[in-house]
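1. Provide a 3D model corresponding to the input given below.
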Amino acid sequence: MKSPQSDKKRAAANKHDDRKGARKGDRGSKAASSPKTTTAGKPPVVAFPKKNQPPAAAAFAARLPLTLGKRFEMARSFLLRQEEVKEEVHFYGPKTGWALRYLHDRRPLCSLVLHGDLPVGIVSLDAPSFAAVDWKALSSVGQLARKNAHGSPSLLWIDVPLAGSGAADFKAILRVKLASLAKP
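-> Residues are numbered from 1 along each chain as shown. So this is what the prediction gives:
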């Protein structure tokens with residue numbers, strides 16, 4: 001029978017072998033060399049940081065890998081199909097950069113932001129709208145977004161990553177918000 005100590009030493013040796021030939025500070029993975037990914041303690045790279053260089057709406061999906069770009073475009077097309085919803089490119093500051101902001105009859109509906117190399121949908125919900133969302137029907141991504149909601153009790157901000165099942169969760173939350181905005 002092998003001792004646990006020998007397994008730990010073997011794992012450490014394999015890790016050392018994987019890093020052989022790597023430059024100092026390089027993690028030896030493709031993701032570590034990517035300028036978009038975050039490293040421990042560093043904020044993500046802002047996709048469009050310069051205020052005087054507004055991007056076109058199509059440039060957002062073009063920066064993403066194919067599958068994430070498709071999810072981003074699906075969320076964008078869902079929003080544009082809604083009545084009285086307008087899209088604009090909006091600058092949120094140097095830490096966030098440019099994002100796509102959606103307005104429903106001149107009232108803010110949501111934003112689609114690139115956070116590093118991930119698309120994120122951000123929506124604000126007042127207390128009645130927050131209570132109207134069926135959180136149990138959402139996936140673990142939507143439930144985690146609910147747990148991490150920030151703001152005040154009267155207006156909570158929900159950040160939903162659009163990767164995986166998050167895009168469907170984002171649409172479900174938006175349907176509730178659109179229904180609340182349609183009421184007089």
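2. List the contacts of stretch 63-72.
-> Stretch 63-72 has contacts (CB atoms under 8 Å, 6 or more residues apart in numbering) with 47, 60-62, 112, 114, 117-119, 162-163, 167. For every residue, glycine as well, the C-beta is placed using N, CA and C.
3. ok, now with 10 Å
-> Stretch 63-72 is contacted from outside by 36, 47-48, 55, 58, 60-62, 73, 100, 112, 114, 117-121, 161-164, 166-168, 170, using CB atoms under 10 Å, 6 or more residues apart in numbering.
4. Mind listing what's buried along that stretch?
-> By neighbour count on 16 or more other CB atoms under 10 Å, the buried set for stretch 63-72 is 63-64, 68-69, 71-72.
5. Only C-alpha atoms, please: export it in CSV.
-> Output in CSV follows, covering the C-alpha atoms of stretch 63-72 (Å, rounded to 0.1, in the frame of the first residue of the first chain):
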residue,chain,number,x,y,z
ARG,A,63,-14.2,40.0,-29.0
LEU,A,64,-15.7,36.8,-27.5
PRO,A,65,-15.0,33.1,-28.4
LEU,A,66,-17.6,31.7,-30.8
THR,A,67,-19.9,30.1,-28.3
LEU,A,68,-19.9,33.0,-25.9
GLY,A,69,-20.4,35.4,-28.8
LYS,A,70,-23.5,33.5,-29.9
ARG,A,71,-25.0,33.6,-26.4
PHE,A,72,-24.2,37.4,-26.3
